[in-house]
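Asks: Next comes the sequence, and after it the predicted model I'd like to discuss.
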Amino acid sequence: MSKQKGDEAEEKAISYLEDLGYKIIEQNFYAKKLGEIDIIASMNDIYHFIEVKSANDYEVAVNNITASKLSKIKRSLSYYLQIKKLNVAYCVDAIIVTPSSIDLLENITL
């Protein structure tokens, strides 16, 4: 997928989250040598670390959330909480963007 399509999917995801009442805290947080978190948002005092995946097919997008990717997200979010000195409730979510839908998958784990 091109960077442009990825950026468009992230913008759609942000609009979707804002419509649901989420507060966007940060976008594209990069932890050197650990990985990137696409969106960091909060709702009801819970931080949501969100991976955005897009494809023409829902199943293809979901299958791109691998164990390796989740591991990088978890390391990156631990680093984020440490450098921001936060002690908050949090979860890892995914937003799946296809040409016909946007779906929020909350609290994903493998």
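Replies: Happy to help now that I have it.

Asks: May I have the secondary structure class of Ile65?
Replies: Under DSSP: H, G, I helix; E, B strand; the rest coil, Ile65 falls in the coil class.

Asks: How about Leu86?
Replies: Look at Leu86: counting by three-state DSSP, its state is coil.

Asks: does the most centrally placed residue in the chain have beta-bridge partners, and which?
Replies: The chain has Ile50 as the residue nearest its centroid, 1.7 Å off, counting by C-alpha atoms, centre = their mean. Counting by DSSP bridges, Ile50 is bridged to Ile39, Asp93.

Asks: Confirm for me that it is in contact with Ile39.
Replies: Yes. Counting by C-beta atoms under 8 Å, Ile50 touches Ile39, with 4.1 Å between them. For glycine as for every other residue, the C-beta is placed from the backbone atoms N, C-alpha and C.

Asks: which neighbours do those two share?
Replies: Shared contacts of Ile50 and Ile39, defined by C-beta atoms under 8 Å, 6 or more residues apart in numbering, comprise 13, 17, 95.

Asks: Next, format those as JSON lines and append secondary structure and pLDDT.
Replies: Supplementary listing: these in JSON lines, determined by DSSP: H, G, I helix; E, B strand; the rest coil; pLDDT from 0 to 100:
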{"residue": "Ala13", "secondary structure": "helix", "pLDDT": "96"}
{"residue": "Leu17", "secondary structure": "helix", "pLDDT": "98"}
{"residue": "Ile95", "secondary structure": "strand", "pLDDT": "97"}
